[in-house]
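Q: sequence below, structure please.
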Amino acid sequence: MNAAEEKRLEKRFEEYVRKFAGKSGKLPPMLKLKLVHSRRVSKDAAGIAEDLGFSRADVRTARMLGLFHDIGRFNQFTRHKTFRDDLSFNHGHHGAEIMLKCGVLKSCRPRDRRRIIIGIRHHNRARLPSGFENDVLQFIKLGRDADKLDIFHVLYDSLKKGVLHKSPDITLRVKLDGPVNPLALEELRLKKTVSVINLKSLADFFLIQLSWVYDINFAPTFRRMISRRIIAHLAEVLPKTPEIKEQIEIAKRHMRMQLAPRKKTAQDSSLLTSRRS
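A: Numbers count the residues shown, from 1 in each chain. Just a heads-up that it's a prediction; the model follows:
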């Protein structure tokens, strides 16, 4: 993707979002939150891509995937007044359909259209299906990493600023008090992503975030998690039970292992070469 195409897409994104502003010209608070989130995910997606050695053109594509990844959220909240996919529609799938129907990516290279549309469609799936070509899979994983990075920030920041009580949709309207769901804790013990169906309290919401440690794909993402003290923040707000303290230590060990030096393989070299081509 060239710089002119990137600039055009940024403009189209801002134009689309402005359609959801009220008579005052301002977005509703929850949609403003999504706009800011999308911009931050865009920045992180580009930063991770740069750290991975992607070409300038591919960094721009990663940035646009991050910017558009939640495009389905604006219709979702406007129509259904919720961000819960189970009470409305799958916002990833809906966002991909918006991109296809509006034709905003028509002038992009087919390769970039595929990366962005499939990346949007699958950014929110609990588990990825198999069968993607490696090039597309790298962008899906990159988008998912960047999205998680900012969700870590949004929830912790909202809690510390006292926003959660005023904006329950941030946590999908779960109870802000209440104990950890044992089923959620069991999934975490198995190093599985905690299921939304087991989300019963704010504590469970933070457990989901802790379980994301096992669904992070790239070393630059882990490094950002460490510099932003994400695990420390989760430890601060989660219940101080022995079981949860143990899982926090296990998550920390997992992160250290992912960042430990390893022998470069032929596949790594091939991927890096293709990214810079």
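Q: confidence score at the residue lying closest to A126 once chain neighbours are set aside?
A: Nearest residue to A126, sequence neighbours excluded (CB to CB, 6 or more residues apart in numbering): T193, at 5.4 Å. Heads up, the C-betas are built off the backbone N, CA and C, glycines and all. pLDDT recorded at T193 is 90.
Q: so T193 sits in a strand?
A: No - using DSSP: H, G, I helix; E, B strand; the rest coil, the assignment for T193 is coil, not a strand.
Q: tell me the phi and psi of it?
A: Backbone torsions for T193, taken as degrees, to the nearest 10, come to phi -70, psi 120.
Q: for it, list the residues it contacts.
A: By CB atoms under 8 Å, 6 or more residues apart in numbering, the contact set of T193 is A126, R127, E187, I208, S211, W212, Y214, D215.
Q: can you tell me the element the fifth one falls in?
A: It stands for S211. helix 202-211 (DSSP states H and E).
Q: by contact count, what packs against the helix or strand following that helix?
A: Per DSSP H and E, helix 202-211 leads on to helix 219-227 as the next helix or strand towards the C-terminus. Packing partners of helix 219-227 (3 or more CB pairs under 8 Å, 6 or more residues apart in numbering; DSSP states H and E): helix 29-51, helix 134-160, helix 242-259.
Q: for those helices, give me a markdown table that also has mean pLDDT and mean neighbour count.
A: Formatted as a markdown table, the helices and strands packed on helix 219-227 follow (pLDDT from 0 to 100; neighbours: other CB atoms under 10 Å):
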| stretch | mean pLDDT | mean neighbour count |
| --- | --- | --- |
| helix 29-51 | 96 | 20 |
| helix 134-160 | 93 | 20 |
| helix 242-259 | 95 | 15 |
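Q: mind putting those into CSV with distance to R12?
A: Formatted as CSV, these follow (distance: least, CB to CB, whole Å):
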stretch, distance to R12
helix 29-51, 13
helix 134-160, 18
helix 242-259, 36
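Q: out of the ones you listed, nearest to P220?
A: helix 29-51 (3.7 Å; CB to CB).
Q: just the angle between that closest one and helix 219-227, please?
A: Orientation check (axes from the mean of the first three to the mean of the last three CA atoms, to 10 degrees): helix 29-51 against helix 219-227 gives 120 degrees.
Q: what residues are up against V194?
A: Per CB under 8 Å, 6+ apart, neighbours of V194: A184, E187, L188, D204, L207, I208, S211.
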